[in-house]
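Colleague: Model the structure of this input:
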Amino acid sequence: KKHKMAATLFVALALSCACMASADMQSIVIGPAIDFTLEYEITGTTLSCCMSATNRTADMYIAIGFSGPKIPKQGMGNSDIVAAFGQPKPTFSVLYSNMTAGAPVGAPTLKITPGKFDFSDGKMTACFTRPLESGHNPIKNGNAVIWATGPVSDGQISYHGSDQPDESGKTQSHRSDEVPAMKWM
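Modeller: As a prediction, this is how the structure comes out:
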């Protein structure tokens, strides 16, 4: 009886951590070349989101950056970034980029709560929550998002590679160029 109760509790906890989807979850493909998809929902003062991409390998990461108002050719400048990878164990990293190119080296202030991480059949999915008002860029309508995916080396995210500019995103498989401004609320 004791083992059955513990197993039931474990299953309930696993389901609550693994399942963030709800009927109010919005979904948008922001990187069509690799089906980089952002699913999100705002509840009270919290943003719950899942990012996913296809044609990935187990030794890669996926990342999303929350930027301020959309400014053409801003790149990743002024972006709160959440990166996730699964090897050697599921890891979520919060970074801040205060430059338009190069490794994110600014001091991160974004707070997140990691959720599920999954990799199967070439699809990588990472879910987390964040307060709307956290980080350098609170969630507001009109703010931009960026995305990237690349290799993990010695447990650290590495340079994602480059793509030619393409506003449609149909040829970009390493990082985004210009993603339309978001209507979060």
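Colleague: Can you list the low-confidence ranges for this protein?
Modeller: In the predicted model, the chain carries pLDDT under 70 at residues 1-23, 69-77, 98-106, 158-179.
Colleague: What ranges does the protein have for its strands?
Modeller: Counting by DSSP state E, one finds strands in the chain at the ranges 26-31, 36-43, 46-53, 60-69, 79-85, 91-97, 113-120, 123-131, 143-153, 156-157.
Colleague: Only C-alpha atoms, please: export the fourth one in CSV.
Modeller: If I follow you right, that is strand 60-69. Extracted C-alpha coordinates of strand 60-69, given in CSV (Å, rounded to 0.1, in the frame of the first residue of the first chain):
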residue,chain,number,x,y,z
MET,A,60,22.2,20.7,-29.3
TYR,A,61,20.4,23.5,-27.5
ILE,A,62,17.4,25.7,-28.2
ALA,A,63,17.0,29.2,-27.0
ILE,A,64,14.6,32.1,-27.1
GLY,A,65,15.3,35.7,-26.4
PHE,A,66,12.9,38.3,-25.1
SER,A,67,13.7,41.7,-26.5
GLY,A,68,12.3,45.2,-26.2
PRO,A,69,10.4,47.0,-28.9
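Colleague: in its sheet, what does that strand sit against?
Modeller: Using DSSP bridges, strand 60-69 pairs in its sheet with strand 79-85 (antiparallel), strand 143-153 (antiparallel).
Colleague: Most tightly packed of the ones you listed?
Modeller: Per residue and on average, the most neighbours among those fall to strand 79-85, with a mean of 25 (mean count of other C-beta atoms under 10 Å). Where C-beta positions appear, they are placed from N, C-alpha and C, glycine not excepted.
Colleague: Contacts for that one, please.
Modeller: Contact partners of strand 79-85, identified using C-beta atoms under 8 Å, 6 or more residues apart in numbering, comprise 51, 59-67, 90-97, 104, 108-110, 112, 114, 117, 124, 126, 128, 130, 134-137, 146, 148, 152, 157.
Colleague: Now list the buried members of those residues.
Modeller: 51, 60-67, 91-97, 104, 108, 110, 112, 114, 117, 124, 126, 128, 130, 134-137, 146, 148, 152, 157 (16 or more other C-beta atoms under 10 Å).
Colleague: hang on, the earlier thing: relative to Ile28, which of the strands paired with strand 60-69 is closest?
Modeller: Ile28 lies closest, by C-beta to C-beta, to one member of the strands paired with strand 60-69: strand 143-153, at 9.1 Å.
Colleague: picking that back up, of all the strands paired with strand 60-69, which one is nearest Trp184?
Modeller: strand 143-153 (7.4 Å).
Colleague: The closest one to strand 91-97, inter-axis angle?
Modeller: Here strand 143-153 runs at an angle of 120 degrees relative to strand 91-97 (axes from the mean of the first three to the mean of the last three C-alpha atoms, to 10 degrees).
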